[in-house]
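*Asks:* Here's a sequence, model it:
(2 chains)
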Amino acid sequence: MSTVSEPGGIEALYPFLAPGPVDREAVLADLRESTRRKAAEIVELRRSLVALHAERLVACAREMAAAFDAGARLFAFGNGGSSTDAQAVVQLFAHPPSPARAVAAVPLAQDVALLTALSNDVGYELVFARQLAALGRPGDVAMGLSTSGGSANVLNAMGEASRRGLLTVGLVGYDGGPMAQDGRVAHLFVVPSVSVHRIQEAQITLCHVLWELAQRALTGEL
Amino acid sequence: MGEDPATTAVAAAFERRTGPAAAMGEDADRIVRACQEMAERFRMGGKLLVFGNGGSVADAQHVAVEFAHPVIVGKPALPAISLTTDMAVATGIALTEGLDGIFAAQLRLLASPRDIALGLSTDAGSANVRSGLAAARELGLLTVALTGGEAGAEADHVLAVRSADPLIVKEVHVTMYHVLWELVHVFYELEAAR
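*Replies:* The predicted structure is shown next:
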């Protein structure tokens, strides 16, 4: 996970952190209000994604389902919190609630032996690209998650996946960053937010909806 | 979204999220009080121990990385460990004590009384999460449970998402622990300023 500044920093959101006498009750009231505001923010952000991505989600789900029908495996990857989100997506595809169909899926950040070996011997920017080169077959699905859209190892993996004929799916935040350039990803989902946290929350919903649609497509309902 | 049934299905899928996600706002007081007590534990030198099953394994690791490697420049790193990353330990314990004991056994080994135990479950609580929280309470830890559905787990602070869909519960959990992280830092710094 890259380290970025939230706009204005936490002090701008919570001015009582500035030195001076503290009114405890006012602080608690502010924090309750801030919590309610964040709940409202994520609701609004998710809503905005329908108009933005509905058609893209359907097209991507159909292509993924066709790939799975042809024997494709899903590889998902990201850094930090996004590595855990990739792991959760894989878990959902590989071990879904009954009666959904299980699909072969592998997370690329969870094998610590491989990850540390590649980091040590080749370089961290190639840890996912090298795995796709070893594991990926044409027709497989490569899904990369990055809030900034600029993680070198995710970008390199997307390039490797495209060259090898994998279907590429990217989830990013902000304005999409480098991942949104040059059409390097077949299906790109940009979450238009500047908060890393809200981006991750919206991305996991996009993944869940994509899974649901892919399941419908697998049973001929989409 | 027009009459296209496919895009209508997308709109419906997103709409199912709205109620449970908005309802988190009603738990604002509960969330703020949990953060206040969590910050006190960190101030006392305590650490955060996080655990869950299946998809919640990923969340446990996500929580740990949020605290130990803050996303905002200048925030102090706070000690947090996920109990779901070490497969050698987890499967070893599962063989001798059963899957239900994998978190309780690790807590007995790693925890000190001033620590915080955070268990995640998309329903009322898997057996190993419940026994982990019970062991933590016996040891004197502050216990926090992120759950879903109606029934509550046994913990000092239970934050339950109002949905029976495990995927939607998980999504609201992500927002909840992002807010937990942020408000814990607010209280932590407030104490430092006093």
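
*Asks:* So what's the gap between the lengthiest helix in chain B and the chain middle?
*Replies:* The longest helix of chain B (DSSP state H) is helix B:166-193. How far helix B:166-193 lies from its chain's middle: 9 Å, per CA atoms, centre = their mean, to the nearest Å.

*Asks:* buried residues in that helix?
*Replies:* B:166-190 (16 or more other CB atoms under 10 Å in any protein chain shown). The way it works is simple: take the backbone N, C-alpha and C, and place the C-beta from them, glycine included.

*Asks:* tell me the contacts of B:M24?
*Replies:* With contacts defined as CB atoms under 8 Å, 6 or more residues apart in numbering or on different chains, B:M24 is in contact with A:35, A:39, B:31, B:161, B:172, B:175-176.

*Asks:* okay, it: pLDDT?
*Replies:* With respect to pLDDT, B:M24 has a value of 97.

*Asks:* quick one: secondary structure of B:I81?
*Replies:* Classification of B:I81 using DSSP: H, G, I helix; E, B strand; the rest coil returns strand.

*Asks:* With the one 4 residues further on instead?
*Replies:* Under three-state DSSP, the three-state class of B:T85 is coil.

*Asks:* tell me the phi and psi of it?
*Replies:* phi -90, psi -20 (degrees, to the nearest 10).

*Asks:* ok, how many other residues are close to it?
*Replies:* Counted by other CB atoms under 10 Å in any protein chain shown, the residues lying close to B:T85 total 14.

*Asks:* So the closest residue to it other than its chain neighbours: helix, strand or coil?
*Replies:* Distance criterion CB to CB, 6 or more residues apart in numbering or on different chains; nearest residue to B:T85, sequence neighbours excluded, is B:Q61 at 6.2 Å. At B:Q61 the chain is in helix, as set by three-state DSSP.

*Asks:* same check, this time on A:M143
*Replies:* strand.

*Asks:* ok, now how distant is it from chain B?
*Replies:* 14 Å (CB to the nearest CB, to the nearest Å).

*Asks:* bridging residues for that residue?
*Replies:* With beta bridges defined as DSSP bridges, A:M143 has these partners: A:A76, A:V169.

*Asks:* contacting residues for it?
*Replies:* A:74-77, A:86, A:89, A:168-171.

*Asks:* hmm, back to that, what is the burial count for the residue nearest to B:T85?
*Replies:* For B:Q61, using other CB under 10 Å, the count is 26.

*Asks:* how far is the longest strand along chain B from where the chain is centred?
*Replies:* Longest strand in chain B, counting residues (DSSP state E): strand B:142-148. Chain-centre distance of strand B:142-148: 6 Å, with CA atoms, centre = their mean.

*Asks:* what does it rub up against?
*Replies:* B:34, B:37-38, B:41, B:46, B:59, B:115-125, B:129, B:133, B:136-137, B:152-161, B:163-164, B:166, B:169, B:173, B:176-177, B:180.

*Asks:* The helix or strand just after it to helix B:166-193, inter-axis angle?
*Replies:* Later in the chain than strand B:142-148, the nearest helix or strand by DSSP states H and E is strand B:157-161. Counting by axes from the mean of the first three to the mean of the last three CA atoms, to 10 degrees, strand B:157-161 lies at 140 degrees to helix B:166-193.

*Asks:* any idea how far B:R130 is from chain A?
*Replies:* 21 Å.

*Asks:* three-state assignment of that residue?
*Replies:* Assigned with three-state DSSP, B:R130 falls in the helix class.

*Asks:* How about the contacts made by it?
*Replies:* B:119, B:153-154.

*Asks:* Could you do B:F187 as well?
*Replies:* Neighbour list for B:F187: B:35-36, B:38-40 [criterion: CB under 8 Å, 6+ apart].

*Asks:* among these, which are in reach of chain A?
*Replies:* B:35-36 (CB under 8 Å from any CB of the partner chain).

*Asks:* Need the contacts of B:F187 in TSV (columns: secondary structure and neighbour count).
*Replies:* Below are these laid out as TSV (DSSP: H, G, I helix; E, B strand; the rest coil; neighbours: other CB atoms under 10 Å in any protein chain shown):
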residue	secondary structure	neighbour count
B:C35	helix	24
B:Q36	helix	19
B:M38	helix	26
B:A39	helix	21
B:E40	helix	17
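
*Asks:* ok, back up a step: farthest pair in the contacts of B:M24?
*Replies:* Taking CB to CB as the measure, those span a maximum distance of 14.2 Å, between A:T35 and B:V161.

*Asks:* Show me what counts as buried in stretch A:65-81.
*Replies:* So, applying 16+ other CB under 10 Å, buried residues of stretch A:65-81: A:65, A:67-68, A:72-81.

*Asks:* Of those residues, which belong to helices?
*Replies:* Judged by DSSP H, the buried residues of stretch A:65-81 include A:65, A:67-68, A:81 as members of helices.

*Asks:* got these as CSV, with pLDDT and distance to A:V196 columns?
*Replies:* Formatted as CSV, those follow (pLDDT from 0 to 100; distance: CB to CB, whole Å):
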residue, pLDDT, distance to A:V196
A:A65, 98, 31
A:A67, 98, 30
A:F68, 98, 31
A:G81, 96, 8
